[in-house]
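Chemist: Could you look at this predicted model? Sequence included:
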Amino acid sequence: MSDAPQTGVPDQYGVAGHPVSHSWSPFIHGMFAKATSQRIVYRLFDIAPAVFRRETLRLFAGDLRGLNVTLPHKLAAAELVQELSPRAARAGAVNTIVRRDDSTLFGDNTDGIGLLSDLEGNLQLDLTQKRVLILGAGGAVRGVLAPLLERDLAAIVIANRTSSRAAQLAADFADLGNVRGCAFHEVEGPPFDLIVNGTAANLGGEMPEMPVGLVDENTVCYDMAYGHGHTPFTLWAKSLHAARACKGWGMLVEQAAAAFALWRGIRPETAPVLEALIHHR
Ligand code: NDP
């Protein structure tokens, strides 16, 4: 939380990723700052994995007060900070770094609250006893598993291109509920209640090839990726007559609001920002 007076040089924030030019985070945090009268600057930092640690520490040694971290750096960010929140420690992944007044770096993970706030709050889904399939086993999926498993689900299946990563992730969270990992081709029906795409395949315009029988007219399909028009995943969901095919705009805005609250001590309203992103961009 910042107690800086709202005059003088604005406080510096940003998002580090690779690539990162597609990010809407500057727009979102700009709207939050305006709505809450916070003077901040929010920048994009395209940082290659090989120099992530060095560059991020260099930015924090300068004026940077907080950083969002996106793919592929969330696991590296968890290694870099001096202290982790319990949920970031559980995930082993950090999407928000706070520089404290004593210059130590604190890592948190707001992806889980972001996804759950969108599913339950904005989309009004009841997850109790639902069967959930998650595609992907990277930093974003690590962040959402614990909050999902807290919801008394019937089961989670994690499927990933590299199946050993899915199996490892499932093992890491097995104490929280019924979760198993496998390769894409090993996923079996009956159709799931909820399918979440947490792969980065969309960035290359791809959709992993999935077995038949996973989607029916009651299945909600949620792509963590966001963009205008359909994604390969939402097209796949539509072609199989899923109940809904949603993109990750709500998760994006909700995780950003939680990060903003960590930095500034004020929780901004998300609805106007979501509305602006979905209808006016
Ligand atoms: P990571 O780099 O940590 O993980 C990437 C994942 O995607 C891995 O499971 C990887 O599989 C898989 N993958 C990459 N390319 C392909 C491909 N061509 N086919 C199949 N699988 C592939 O990324 P993140 O977890 O940080 O992000 C994943 C996605 O989630 C991104 O699209 C990101 O934009 C989105 N996201 C959205 C958020 C939101 O707020 N809406 C928040 C966080 C993320 P493997 O293990 O085999 O390499």
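Modeler: Yep, that arrived. Everything numeric here is computed off the predicted structure, so don't read it as measured data.
Chemist: now Ala167: how far from the ligand?
Modeler: As defined by CB to the nearest ligand atom, to the nearest Å, Ala167 lies at a distance of 11 Å from the ligand. C-beta coordinates here come from the backbone N, C-alpha and C atoms, glycine included.
Chemist: What is the neighbour count of the residue of the chain found nearest the ligand?
Modeler: For the chain, the residue closest to the ligand is Gly138, as judged by CB to the nearest ligand atom, at 1.9 Å. By the criterion of other CB atoms under 10 Å, Gly138 has 19 neighbours.
Chemist: hang on, it packs against Ala201?
Modeler: No. The pair Gly138 / Ala201 is not scored as a contact, 10.8 Å apart, by CB atoms under 8 Å.
Chemist: can you pull the pLDDT of the residue nearest the centre of the chain?
Modeler: Computing the C-alpha centroid of the chain and ranking residues by CA atoms, centre = their mean puts Asp111 first, at 3.8 Å. Here, the pLDDT recorded for Asp111 equals 96.
Chemist: Please identify the helix or strand for the nearest residue in space to it that is not next to it in sequence.
Modeler: Leaving out its chain neighbours, the residue that sits closest to Asp111 by CB to CB, 6 or more residues apart in numbering is Gly143, at 3.4 Å. Assigned by DSSP states H and E, Gly143 belongs to helix 139-149.
Chemist: who's in contact with Asn218?
Modeler: Listed by CB atoms under 8 Å, 6 or more residues apart in numbering, the contact set of Asn218 reads 191, 193, 243.
Chemist: What is the burial count for the last one?
Modeler: Other residues within reach of Ala243 by the criterion other CB under 10 Å amount to 14.
Chemist: what's it in contact with, if anything?
Modeler: 217-220.
Chemist: can you check the first one too?
Modeler: Applying CB under 8 Å, 6+ apart, one finds that Pro191 lies in contact with 213-216, 218-219.
Chemist: got it, and the second one?
Modeler: Contact partners of Asp193, counting by CB under 8 Å, 6+ apart, are 130-132, 218-220.
Chemist: hmm, which of those residues are the buried ones?
Modeler: Listed as buried from the contacts of Asp193 are 130-132, 219-220; burial here means 16 or more other CB atoms under 10 Å.
Chemist: what's the most distant pair in the residues you listed?
Modeler: Arg131 and Val220 (11.4 Å; CB to CB).
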